[in-house]
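A.B. asks: pasting the structure only:
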């Protein structure tokens, strides 16, 4: 097995899950993840090792995703009528849809959160990076990453509560 195959096997799922959380679209996450590893393969010799390989791959993935969004200039949304047409849901399936609905609400609120709060929140929650890794991405301290993350959480929580009050 080549070093790149090992890299692919080790980090594919992490990159895929990060993009899936970012996009909410399984097919798009697969496409972006494949594109990420293709780009990583082409530029592996330029990787300096300044950060964790997973961080480097997720940065490539994030850039690929944002390029895709910019090109398509649209966001994907779940069609509510399709969800209503599903007959007699079992409790476990209903729970899964409720969880997905909560994730979708958070993603909608997240679109309105300013940078760097939005990105720090995504790195921490969806990519499951440590504050040290996040600090490396931004060239800041771990304390900055921790404070920024907690401020982002507070903003998101307040905005979710506001939206719940509107409904």
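C.D. replies: Perfect, thanks for sending it. These numbers were taken from a predicted model, which means no experiment stands behind them.

A.B. asks: buried stuff in stretch 108-125?
C.D. replies: Using 16 or more other Cβ atoms under 10 Å as the test for burial, stretch 108-125 gives 109-110, 113, 116-125. Any C-beta I mention is one placed from the backbone N, CA and C, and that applies to glycine too.

A.B. asks: so how far is residue 106 from residue 128?
C.D. replies: 16 Å (Cβ to Cβ, to the nearest Å).

A.B. asks: who's more crowded, those two?
C.D. replies: residue 106 (16 against 13; other Cβ atoms under 10 Å).

A.B. asks: so who does the residue lying closest to the more buried one once chain neighbours are set aside touch?
C.D. replies: Spatially, and ignoring its direct neighbours in sequence, residue 106 is nearest to residue 156 (6.4 Å; Cβ to Cβ, 6 or more residues apart in numbering). Counting by Cβ atoms under 8 Å, 6 or more residues apart in numbering, residue 156 makes contact with 106, 109-110, 113, 121.

A.B. asks: where does residue 156 sit: helix, strand or coil?
C.D. replies: Secondary structure for residue 156, judged by DSSP: H, G, I helix; E, B strand; the rest coil, is helix.

A.B. asks: sorry, back to before: what about the contacts of residue 156, which are in helices?
C.D. replies: 106, 109-110, 121 (DSSP state H).

A.B. asks: quickly check those residues for the two that are furthest apart.
C.D. replies: The largest separation in these, counting by Cβ to Cβ, is between 109 and 121 at 10.4 Å.

A.B. asks: residue 147: which of the ones in helices among the contacts of residue 156 is nearest?
C.D. replies: Checking the ones in helices among the contacts of residue 156 against residue 147 with Cβ to Cβ, the nearest one is residue 121 at 12.4 Å.

A.B. asks: distance check, residue 120 against residue 69.
C.D. replies: 19 Å.

A.B. asks: actually, residue 28.
C.D. replies: 10 Å.
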